[in-house]
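>>> model the structure of this input:
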Amino acid sequence: MAVCWSGVFRCVLTQCQGDVHTMSSMNTSGYEQMQLIQVDPVRRNISLVLTQIFVWPFIYLTFLMLLIFSKKETFRTETRYMLFGHSLLVDLIFLCLTDFVVLLSYNFVLIPLHFCIPVCMLMEAVTACAPLTIIAMCVERYVAICMPLRHQAISTSRRALIVILMIWILSSINPFVDMFILISTASREYLSQLTHCHYEIMIPEKIRHFARGLLYIVGLVFILIVEVFCYVMIYLAARSASGDNNKSASKGQRTISLHILQLFLCTAEVICPYIEAVVMQYDINTYLTVRFINFLAFSITSRAVSPLVYGFRDEKFYAAMVYYIRCKNNTISSDTIKQS
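The predicted structure is shown next:
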């Protein structure tokens, strides 16, 4: 369900010339897959530093919010905060694994393929979890605003846990299927080779690359349809409501708008490799630059939207975060949250 190239590194299905370095090759289906990294040490170090500067603030912010989420019982039992906490966990895992892969690749560290497989599977799963969690959060807002009398009965902590479990099950189907196919069809030599960790090592066939991308796009279109439906219904509820109800509906609209923005960033992440493939045919250096910019602009930035949705826009969570940062205490006062 997810197209997640590990960091800025893609498998390229052609022999390339120019300022690049061939890191590993795979030869199990009649063609070589080459992974390309900048050879120029200055450009490579600049890219590595920019990646760390870009990634670590998000890692810190996400970890801080996840810590605050774990400190307050209200956040751990209310459905929307449970889904938000799950979104933070998924983003944190993705960012940490991505940075781990970036550090290995930019330092030309190769590891056995069979050790890469669990890392690739986890990255694929958490990447698929992100849009599925988005749709769950949108539906929760739709129920809260459009069906307020039934919200407490429908949106329970037990059902939230079931939804989170289902998200992980659905997200894990594709990587487990790819793993079983790889283990049953690949040679022992292929499985023991040294390589970088990128998901394409698990799907060396062209047809499976195409099917994987197509499946992900279909899934995103379905999620977008559901989100647009929720947005329209909340918009209609906002027009017919008054006072506090209108304020709540309008806030719900803005929240879903941010979710839709996040979904478009995920969609752009799917489209980018096709654009990069065209650029690569004309100039390799431009291709490497475009690939790196796309990585920062879409793969990483899309993980910054979730903290904006609830971390800064939600009054209760924002008050808890401010209290925790200012007091530097390991507890969060309920009175402080209520007063804010």
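>>> pLDDT below threshold where in the protein?
Scanning the chain for pLDDT under 70 picks out 1-40, 241-249, 327-340.
>>> residue nearest the centroid of it?
residue 127 (4.3 Å; C-alpha atoms, centre = their mean).
>>> quick check: the gap between that residue and residue 292.
Plainly put, residue 127 is 19 Å away from residue 292 if you go by C-beta to C-beta, to the nearest Å. Any C-beta I mention is one placed from the backbone N, CA and C, and that applies to glycine too.
>>> in terms of helices and strands, where is the residue nearest to the centre of the chain?
In the assignment (DSSP states H and E), residue 127 maps to helix 113-146.
>>> mind giving me the packing neighbours of that helix?
Applying 3 or more C-beta pairs under 8 Å, 6 or more residues apart in numbering; DSSP states H and E, we find helix 113-146 packed against helix 79-106, helix 148-154, helix 157-185, helix 188-191, strand 194-195, helix 206-240, helix 244-280.
>>> re the thing from before, quick check: the residue nearest to the centre of the chain vs residue 166, distance?
Per C-beta to C-beta, residue 127 is found 17 Å from residue 166.
>>> likewise residue 199?
Distance of residue 199 to residue 166, given as C-beta to C-beta: 23 Å.
>>> next one: residue 303
For residue 303 relative to residue 166 (C-beta to C-beta), the value is 22 Å.
>>> then residue 239?
Per C-beta to C-beta, residue 239 is found 33 Å from residue 166.
>>> ok, now residue 54?
According to C-beta to C-beta, residue 54 and residue 166 sit 32 Å apart.
>>> between the two, which one's more packed in?
Between residue 54 and residue 166, counted using other C-beta atoms under 10 Å, the more crowded position is residue 54 (16 against 12).
>>> in which helix or strand does the more buried one reside?
helix 41-71.
>>> wait, isn't residue 129 in contact with residue 169?
No - at 10.5 Å, residue 129 and residue 169 do not qualify as touching, with contact defined as C-beta atoms under 8 Å.
>>> looking at those two, which is more packed in?
Neighbours were counted for residue 129 and for residue 169 using other C-beta under 10 Å; residue 129 has more, 25 against 10.
>>> check contacts around that one.
Counting by C-beta atoms under 8 Å, 6 or more residues apart in numbering, residue 129 makes contact with 86, 90, 167, 168, 171.
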